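Peer 1: got a predicted model here, sequence first, then my questions.
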Amino acid sequence: MKRTFLLLIILLSLNNAVLFGQNSKPKKNTSDTRTIKIDYKNEAGALNTMFKECIGAGRANEGLRADWQQQLAMVKKDCDFKYIRMHGLLTDDMAVYSEDDKGNPIYNYQYIDVLFDYLVSIKMKPFVELGFMPSRLASGDKTIFWWRGNVTPPKDYKKWEDLIHNLTLHFAERYGIDEVKSWYFEVWNEPNLSPGFWTGTQEDYFKLYKYAAQGIKSVNKDFKVGGPATAGAAWVPETIEFCEKNNVPIDFISTHSYGVKHGYLDEYGTSGTILSKDEWSVSGEVLNSRKQISNSTKPNLELHYTEWSTSYTPADPIHDSYHSAAYILQKMKQIGTAANSMSYWVFTDIFEEAGPRFTPFHGGFGLVNTQGIKKPAYFSYYLMNKLGETELKNTDPMSWASKKANGDTQVLFWDFTNTHPGDKELNQTYYLKDLPSKPKGRVKIEITNLLQGNYNLEIYKVGYKVNDVYADYLVMGKPNQLTREQAEKLKKLNDGSPITAEKITIGSNGSYSKDFDINENDVFLLNLVKQ
């Protein structure tokens, strides 16, 4: 009896424990609050600025347009890209090469000079892509794009070398040896996409590369030449091996990567694309390219991704979507120091591979549209350019913290959530929709050891319906053409101004904290400007 009574007591106790456990309300799990802790005195070193080393543009001849130049000046001012790379420098519309009736070369650089003089005037440098083949030097008539870039090997490799030598010599004479030493010469574009960009074989490309490298180095051995400028991070070990075995100079590796699942070439923007669900799309290829170089006989070669973006097609609405802003930041953070530059393709929708476009937002590659209206992707680079020269230590994987010598302090943070539904829907329909973002909890910023004194606190934001021009364009009813008034309205709504600004005082304890509600794919910059 005593034992039975004891068992009853135990059972009742257990039952009560379960009941009380069900009815009690434990403290809310704080896992939805993300805390970023920064110590102003805890430096990580100089901020790596590979993200703004280079930017892409469509083709050289477009760079002779007044609106293209005006937009580039704005992009340079806001984002401070150092180099610019573009196709078509040697294509017939630049009038570089012809021959007399005896087959002797005639060189003409007046259009290139106008373009490069402008670049130098705004303190930018060309990342010189050597292509495509002038028709009088070409071995065939296969072309690509609306503007007909010839993609065949030269009919005479010695004439090809002489052209590259003469052009390089012209650059040295016009801009000075020291200036041209800081440039990069890249041979061709995506020769692994045959016959799209190159009708020859890999062996033919290596021959083209060899003769171009000889032409450049014969002017000055310190001028930098590289390649293979391939799609999909291809041919990296093969290029290094070829140069090593044949004593051909190479100073850097260049290649490309895009964030969609399949394919590398969509000349007219008619292919459907799907944003990859792979967390390491793009960035994984960059890290692997760095590994391939490190494991080669030339482990110290520079690595330049001379094209990259969410998608390789000029008709993909993800380029216009607010999702792109966080995507760009996420990839730059993942890549870290693996690449010397990551050249976003491209800075403007003044881009005519498929011919002139007819609507203001058509999924073009650009950071700005044809009217110079800033897209969400633009503000990724704009905000990264506001970071200070010294990075602060920070364990959060979706943020940077930095400071300037005068005491200014910045924390750039974001959420990246790939909301694409996967194989069941194409980018071309998904990102055309109004896509409200869902809450992702809170972010708490805690900064210690700040300099005592007065600050202006600026908060910048990019996200759904904030610096989200496509959302504003939808509200307008998606007009096929924008009036001047409509274009100006969209520019004003998407000018990147702080969403809040206030004066604060940091006391003797040097501490500051602030909480933010964050949604999917929001981007924030907290900027403390010392007074």
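Peer 2: Ah, there it is.
Peer 1: surely Tyr381 is in contact with Val368?
Peer 2: No: shown here, Tyr381 and Val368 do not form a contact pair, counting by C-beta atoms under 8 Å, at 11.0 Å. (C-beta placed from N, C-alpha, C; glycine too.)
Peer 1: just give me the residue closest to the centre of this protein.
Peer 2: Tyr344 (3.0 Å; C-alpha atoms, centre = their mean).
Peer 1: and that one, what is it in contact with?
Peer 2: By C-beta atoms under 8 Å, 6 or more residues apart in numbering, the residues touching Tyr344 are Ile55, Gly56, Trp308, Ser309, Ile328, Leu367, Ala377, Tyr381.
Peer 1: again with Gly131
Peer 2: For Gly131, the contacting residues are His87, Gly88, Leu89, Leu90, Thr91, Gly149, Val187, Trp188, Asn189, by C-beta under 8 Å, 6+ apart.
Peer 1: let me know the closest of the residues you listed to Leu526.
Peer 2: Using C-beta to C-beta, His87 is the member of those that lies nearest Leu526, at 39.0 Å.
Peer 1: contact partners for the nearest residue to the closest one once chain neighbours are set aside?
Peer 2: Ranked by C-beta to C-beta, 6 or more residues apart in numbering and with sequence neighbours excluded, the top spatial neighbour of His87 is Arg59, at 4.7 Å. When contacts are counted by C-beta under 8 Å, 6+ apart, Arg59 touches Met86, His87, Gly88, Thr91, Phe145, Trp147, Gly149, Glu352, Glu353.
Peer 1: okay, and which of the contacts of Gly131 map to strands?
Peer 2: Judged by DSSP state E, strands contain the following of those: His87, Gly149, Val187.
Peer 1: my guess is the second one meets His87, correct?
Peer 2: Yes: Gly149 is within contact range of His87, at 6.5 Å (criterion: C-beta under 8 Å).
Peer 1: please enumerate the shared neighbours of the two.
Peer 2: Common neighbours of Gly149 and His87, counting by C-beta under 8 Å, 6+ apart, are Arg59, Gly131, Phe132.
Peer 1: distance of the first one relative to Gly88?
Peer 2: The one in question is Arg59. Using C-beta to C-beta, to the nearest Å, one gets 4 Å for the distance from Arg59 to Gly88.
Peer 1: overlap in contacts, these two.
Peer 2: Among the neighbours of Arg59, those also in contact with Gly88 (C-beta under 8 Å, 6+ apart) are Trp147, Gly149.
Peer 1: what about the strands in the stretch 201-350 of the chain?
Peer 2: For the stretch 201-350 of the chain, applying DSSP state E, counting those that start in this stretch gives strands covering 224-230, 252-258, 302-309, 341-344.
Peer 1: let's have the ones you listed in a markdown table, adding distance to Met124 and mean pLDDT.
Peer 2: Supplementary listing: the strands of the stretch 201-350 of the chain in a markdown table, determined by distance: least, C-beta to C-beta, whole Å; pLDDT from 0 to 100:
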| stretch | distance to Met124 | mean pLDDT |
| --- | --- | --- |
| strand 224-230 | 17 | 98 |
| strand 252-258 | 18 | 98 |
| strand 302-309 | 15 | 98 |
| strand 341-344 | 13 | 98 |
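Peer 1: let's have the ones you listed in a markdown table, adding distance to Asp423.
Peer 2: Rendered in a markdown table, the data for these read as follows (distance: least, C-beta to C-beta, whole Å):
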| stretch | distance to Asp423 |
| --- | --- |
| strand 224-230 | 26 |
| strand 252-258 | 17 |
| strand 302-309 | 21 |
| strand 341-344 | 26 |
